[in-house]
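1. missing the sequence, but the structure's below:
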DNA sequence: AACTGGTTTAACCATATGGTTAAACTAAAT
DNA sequence: ATTTAGTTTAACCATATGGTTAAACCAGTT
C-alpha cells in the first residue's frame, strides 16, 4: 500500500483546512475536524497534539499557497503591463479554486496580526524591486507615475475583495452563485483594463480635468 | 440625572461593540464585555438576555451605520462623478473612524451569510436606480459604458479592502500605523481619480490599444 | 505465535463559558 | 418609611470543549 494512499495525516490536513477556513480557529471544533477526516478525536490528537499546532500547519500551508503569486509580481522582470494582466489572471483563478481563503486570511489577520506579519516576513515579499521597475518605466515614458503602494493595493483589492464580500454583492445585485462566478471571471480582464488604462501616459498633464 | 448620563445600556452597547468587532461572536466573552462596560455579568444578562441578542443589536447598529453611504450612491440624483468622489470621501472617513468594522463584517458575512443577506434587504439597497443613471449618462456621452456591478464592486473594494488587509499591507510596505493612515487618506482622491479616469469617454473606441 | 504501529472505543478530566438565581445593597421616587 | 429599579456579590448549573488515557482491535511483519 503506498504511503500517500492511507495517509491519514493528509486526510486530517485536508479536513482541518476545510473546517478552519470555513469557521476560523475559534469556531472550529476538533470533533468536527475528526468527523470530516473520517476518524475519531483520539487519533486526531495522536497526529496533532493540539488544536494550535494543527491550525499553525493549515495557516502556513494556506499562506504559502498564495505567496508565490504575490512574489512573482513583486520580483519577476516582465514588463509591468504583462505582470498586471498575469497577476489578475492567475490570482483570480487561484481564488476561484479557494473562494473561502480571503475570509480566512482577513479573519486571522484580525485575530492574530503578529502571526500574520511574522509569516509574511519569511516569504521574501519585497516591494523595492517593483518600485524600481515602476521608476524605470515612468522614465521611459511607458507609464505615468504611481506609487508601488497604490498600485499593489489597487490590484489586490480589486481581485480579492469580491471574494471576501461575495454574499454582500451577490444579494445586492440579485445574482446567484454561478452568475457571480461568471462576473468574477469577467473581471480577470476588467481589472487589468482599469489599472492599465489609468497608467497610460498623458501627453501633458498627469491628470485630466473633468469635462 | 439625565437618562443619557448613567445610561448603562449605552455603556454596554459601546463595550459590546468594541469587543464583538475585535473578536467576533465566537471569540467574544460575556465576561469581557461586562468588564469593558465596567459592570458585572449578572447585570449584563439583566439588560440583554443572551449573547445572541446582544450581538444582534450590535450587528444591526454597525450595519445601519454603513448603509446610508451605500444607499446614497445608489439612489441620490447627483451626477455620477460627483457621487463617486463624495462616496470615496465620506466612506473612507467613516472607515477611518471605524477601522475594525470591515473585518467584523467580512467575518460575520462568512459565519452567518443568511443574517447578512436578510439585514441588507431591509436597507433598501437597489441597484436599478444607479443602473439607469449610468445608462443615461452613457447615452449623453458623459461616460463610457460600464455595468453597475463592476462600478460598485470596484469602488467598494478599493475603499474597504485596505482596511481589511491593513496589517498585511502595512508590513508589506514597512509602514507604521500613521503612515498607513496617511496613505489611506490620500486614497480619498486617488480612488475617484482612478475610477473616473476609466469612465472618460474615448472619441472612437471603448478601449484603447496599448501604445 | 508474538510483536508492532495505527486505529477505535469509550470513559474520563479540567476548564471555560453562557446563563441563572437569590440575597443583599443603594439611591432615587413615593 | 416604604417602594422600586438598578446594581452587586457570589454561588451555582449545564454544557461544550480541548485534551488524556487505557484497553481492545486489527493488519501486516518478523
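-> Ah, there it is. Predicted model, so just to flag it, every value in this text is computed and none were measured.

2. only C-alpha atoms for contact and neighbour calcs from this point on.
-> OK.

3. what sits up against stretch A:10-17?
-> For stretch A:10-17, the surrounding residues in contact (CA atoms under 8 Å, 6 or more residues apart in numbering or on different chains) are A:4, A:33, A:34, A:36, A:37, A:44, A:54, A:55, A:58.

4. ok, those residues vs DNA strand C, which is closest?
-> DNA strand C has its nearest neighbour among those in residue A:44, at 7.7 Å by CA to the nearest atom of the strand.

5. which secondary structure elements does whatever helix or strand that closest one lives in contact?
-> Here residue A:44, judged by DSSP states H and E, is contained in helix A:41-47. If contacts are counted by 3 or more CA pairs under 8 Å, 6 or more residues apart in numbering or on different chains; DSSP states H and E, helix A:41-47 sits against helix A:30-37.

6. Identify each buried residue in the helix it packs on, please.
-> By 16 or more other CA atoms under 10 Å in any protein chain shown, the buried positions in helix A:30-37 come out as A:30, A:33, A:34, A:36, A:37.

7. residues of stretch A:168-180 that come out buried?
-> Neighbour-count burial for stretch A:168-180 [16+ other CA under 10 Å]: A:168, A:169, A:170, A:171, A:172, A:173, A:180.

8. least confident pick among the contacts of stretch A:10-17?
-> By pLDDT, residue A:4 ranks lowest within those, coming in at 41.

9. Give me the below-cutoff pLDDT ranges for chain A.
-> A:1-6, A:203-211 (pLDDT under 70).

10. which element is the residue positioned nearest the centre of chain A on?
-> By CA atoms, centre = their mean, the mean C-alpha position of chain A lies nearest to residue A:66, the distance being 5.3 Å. Counting by DSSP H and E, the element that carries residue A:66 is helix A:51-75.

11. Residues in contact with that helix: which ones?
-> A:13, A:16-17, A:20, A:25, A:30, A:48, A:83-84, A:87, A:90-91, A:94, A:101, A:119, A:123-127, A:129-130.

12. again with stretch A:178-190
-> A:85, A:88, A:89, A:92, A:96, A:162, A:170.

13. among those residues, which are in reach of chain B?
-> Among the contacts of stretch A:178-190, the residues within reach of chain B (CA under 8 Å from any CA of the partner chain) are residue A:162.

14. Which entries within the contacts of stretch A:178-190 meet the buried criterion?
-> A:85, A:88, A:89, A:92, A:162, A:170.

15. So which of these are in helices?
-> Mapping these onto helices (DSSP state H) picks out A:85, A:88, A:89, A:92, A:162, A:170.

16. Let's have the residues you listed in TSV, adding distance to residue B:144.
-> Output for those, formatted as TSV (distance: CA to CA, whole Å):
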residue	distance to residue B:144
A:85	22
A:88	23
A:89	24
A:92	25
A:162	23
A:170	24
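
17. Among the residues you listed, give me the pair with the biggest separation.
-> The most widely separated members of these are A:85 and A:170, with 25.1 Å between them, by CA to CA.

18. distance of the closest residue to residue A:36 other than its chain neighbours from residue B:189?
-> The shortest distance from residue A:36 to any non-neighbouring residue, by CA to CA, 6 or more residues apart in numbering or on different chains, is to residue A:15 (5.4 Å). From residue A:15 over to residue B:189 the distance is 45 Å, taken as CA to CA, to the nearest Å.

19. And for residue A:164?
-> To residue B:189, residue A:164 is 24 Å away according to CA to CA.

20. before we move on, what about residue A:82?
-> Remark: distance between residue A:82 and residue B:189 (CA to CA) = 27 Å.

21. Return the residues of chain A in contact with chain B.
-> A:22-23, A:26-27, A:103, A:106-107, A:109-111, A:113, A:116-117, A:120, A:125-127, A:149, A:153-154, A:157-158, A:161-162, A:164-165, A:167-169, A:171-173, A:194-195, A:197-198, A:208.

22. Domain map for chain A?
-> Following automatic domain parsing, one gets these domains for chain A: A:7-49, A:60-199.

23. how about a markdown table for the ones you listed, with distance to DNA strand C added?
-> Below are the domains of chain A laid out as a markdown table (distance: least, CA to the nearest atom of the strand, whole Å):
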| stretch | distance to DNA strand C |
| --- | --- |
| domain A:7-49 | 4 |
| domain A:60-199 | 14 |
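
24. Would you mind putting these into TSV with distance to residue B:78 alongside?
-> As requested, these are arranged in TSV below (distance: least, CA to CA, whole Å):
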stretch	distance to residue B:78
domain A:7-49	41
domain A:60-199	21
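
25. just so I have it, where are all the helices in chain A?
-> Under DSSP H, chain A gives helices at A:3-6, A:8-27, A:30-37, A:41-47, A:51-75, A:80-97, A:101-111, A:113-121, A:128-139, A:148-164, A:166-173, A:177-199.

26. Distance from the chain centre to the fourth one, please.
-> Read that as helix A:41-47. Relative to its chain's centre, helix A:41-47 lies at 31 Å (CA atoms, centre = their mean, to the nearest Å).

27. That helix and DNA strand D in contact?
-> Yes: between helix A:41-47 and DNA strand D, judged by CA under 7 Å from any atom of the strand, the touching residues are A:41, A:42, A:45.

28. Give me every residue in chain A lying close to DNA strand D.
-> Counting by CA under 7 Å from any atom of the strand, chain A sits next to DNA strand D at A:26, A:28, A:29, A:30, A:31, A:41, A:42, A:45, A:49, A:50, A:51, A:52.

29. Quickly note the distance from the fifth one to residue A:15.
-> In this structure, residue A:31 and residue A:15 are 11 Å apart, going by CA to CA.

30. Equivalent analysis for the second one, please.
-> Distance check for residue A:28 against residue A:15: by CA to CA, it reads 11 Å.

31. returning to that earlier point: more neighbours, residue A:15 and residue B:189?
-> Here residue A:15 and residue B:189 are compared on neighbour count by other CA atoms under 10 Å in any protein chain shown; more neighbours surround residue A:15, at 20 against 13.

32. returning to what we had before: now restrict the contacts of helix A:51-75 to buried residues only.
-> Buried, going by 16+ other CA under 10 Å: A:13, A:16-17, A:20, A:25, A:30, A:48, A:83-84, A:87, A:91, A:101, A:125-127, A:129-130, out of the contacts of helix A:51-75.
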